[in-house]
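Chemist: Kindly return the folded structure for what I paste below:
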Amino acid sequence: MRERVGQRLVELRSEYRAGRKVLAEMEADQANLEQTLLRISGAIQVLEELLEPGEPTGVAVAGTELAEAPA
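Modeler: This is a model prediction of the structure:
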């Protein structure tokens, strides 16, 4: 019985380390995606400012959501 519990403990520790590694990778991916979205948002803003005032832009940025204007 003690041997089985010890083996299970080893397995769980291994799974825990693997899970922490995956979580760290996902957090890095999330940070990279947030930076990409920030750059895209900035590019959208610049392009919108280049258009004449009052002219439809085709894309509206509201927070983190993009809404396409009707074609």
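Chemist: going forward, measure contacts between C-alpha atoms and count neighbours the same way
Modeler: Will do.
Chemist: Tell me the spacing between the residue nearest to the spatial centre of the chain and Gly19.
Modeler: When Cα atoms, centre = their mean is applied to the chain, the residue found nearest the centroid is Gln30 (3.7 Å). Distance of Gln30 to Gly19, given as Cα to Cα, to the nearest Å: 16 Å.
Chemist: Do you know the pLDDT at Ala62?
Modeler: Looking at Ala62, its pLDDT stands at 53.
Chemist: so where's this structure shaky on pLDDT?
Modeler: 52, 54-71 (pLDDT under 70).
Chemist: mind redoing it with 90?
Modeler: For the chain, the stretches with pLDDT under 90 are 52-71.
Chemist: Which parts of it are helices?
Modeler: 2-50 (DSSP state H).
Chemist: What is the neighbour count of Arg13?
Modeler: Residues near Arg13, counting by other Cα atoms under 10 Å, number 12.
Chemist: and Glu21, how far is that from Val10?
Modeler: One thing to correct before we go on: residue 21 is Lys, not Glu. Distance from Lys21 to Val10, by Cα to Cα: 17 Å.
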